[in-house]
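Participant: predicted coordinates and the sequence they were generated for:
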Amino acid sequence: MKPVTFLAAVLALAACDTQVETRKEAVPAAEQAATAAPDEPPVSARPSGPARVIAPSNNAGLQGAASVTAVQPLHDHGYSAKLLNLTGGDPAANGNQLYLAFYVSPAEGWTMFMLGDFASWELVEEGARGLIFDTTSDVVGPEGNIVRGPNQRYIVTYAPGGPEATAPDSVSITPAA
């Protein structure tokens with residue numbers, strides 16, 4: 001290509017209007033804000049000291065903790081206990097795994113009892129010897145699709161705790177009316 005032809009081609013391309021400013025104005029403000037640089041601080045906060053870089057944790061025990069989506073502390077029954085909701089079941093049906101956990105000691109951790117897989121659950125009542133909770137479950141419908149099943153209430157019972165008790169040996173779960 002001759003230098004004159006090359007120069008003419010470059011000048012012709014440079015003269016083209018790229019309309020960047022016009023297109024930028026056509027993008028909604030919400031989308032413009034979403035594409036802001038990730039290292040910009042939020043508008044309502046200003047740095048007051050040096051940033052601290054945090055590396056990802058390599059603690060394998062935290063993998064299970066990342067599945068916890070709800071914690072319901074339990075009171076007044078002689079144990080240090082809580083209900084834990086873990087996600088990780090089938091995300092299309094009953095993806096919430098409900099556990100009843102009793103704290104034993106720093107060395108032993110928690111004793112955990114899986115109460116079931118549910119679409120959702122709600123603690124209704126707790127007492128010295130147990131719990132009552134309502135659930136919803138997903139079921140496979142007649143055409144193979146996932147549909148919401150009937151609500152179910154459950155009674156969970158266990159031996160009462162005391163000053164020396166850390167966790168019951170077992171729990172029982174019974175459907176309720």
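Facilitator: In hand now; what should we look at?

Participant: now stretch 57-75: how far from the chain's centre is it?
Facilitator: From the chain centre to the centre of stretch 57-75 is a distance of 10 Å (C-alpha atoms, centre = their mean, to the nearest Å).

Participant: now do the end-to-end distance for it.
Facilitator: Stretch 57-75 has an end-to-end distance of 32 Å (criterion: C-alpha to C-alpha, to the nearest Å).

Participant: buried residues of that stretch, list them for me.
Facilitator: Neighbour counts over stretch 57-75 (16 or more other C-beta atoms under 10 Å) mark 72, 74 as buried. For the C-beta atoms, the positions are set from N, CA and C on the backbone; glycine is no exception.

Participant: give me the element the residue nearest in space to the middle of the chain is part of.
Facilitator: By C-alpha atoms, centre = their mean, the chain has its centre lying nearest to residue 69, at 4.4 Å. Here residue 69, judged by DSSP states H and E, is contained in strand 68-74.

Participant: hang on, the earlier thing: I'd say the residue nearest to the centre of the chain and residue 95 touch.
Facilitator: No - counting by C-beta atoms under 8 Å, residue 69 stays clear of residue 95, with 9.5 Å between them.

Participant: how near is residue 146 to residue 52?
Facilitator: Distance of residue 146 to residue 52, given as C-beta to C-beta, to the nearest Å: 44 Å.

Participant: these two: which is more packed in?
Facilitator: Neighbours per residue, other C-beta atoms under 10 Å: of residue 146 and residue 52, the larger number sits with residue 146, 14 against 5.

Participant: report the beta-bridge partner residues of the more buried one.
Facilitator: Beta-bridge partners for residue 146, by DSSP bridges, are residue 140.

Participant: give the contact list for it.
Facilitator: Contact analysis of residue 146 by C-beta atoms under 8 Å, 6 or more residues apart in numbering lists 92-93, 138-140.

Participant: quick one: buried residues of stretch 147-160?
Facilitator: 149, 152, 154-158.

Participant: distance between it and the chain's centre?
Facilitator: Offset of stretch 147-160 from its chain centre (C-alpha atoms, centre = their mean): 23 Å.

Participant: give me the low-pLDDT residue ranges for this structure?
Facilitator: Scanning the chain for pLDDT under 70 picks out 1-42, 76, 89-92, 162-163.

Participant: and with 90 instead?
Facilitator: Regions of the chain meeting the criterion pLDDT under 90 cover residues 1-81, 86-97, 102-110, 117, 119, 126-130, 137-150, 158-170, 177.

Participant: run me through the strand neighbours of the strand holding residue 69, direction for each.
Facilitator: Here strand 68-74 is paired, per DSSP bridges, with strand 81-87 (antiparallel).
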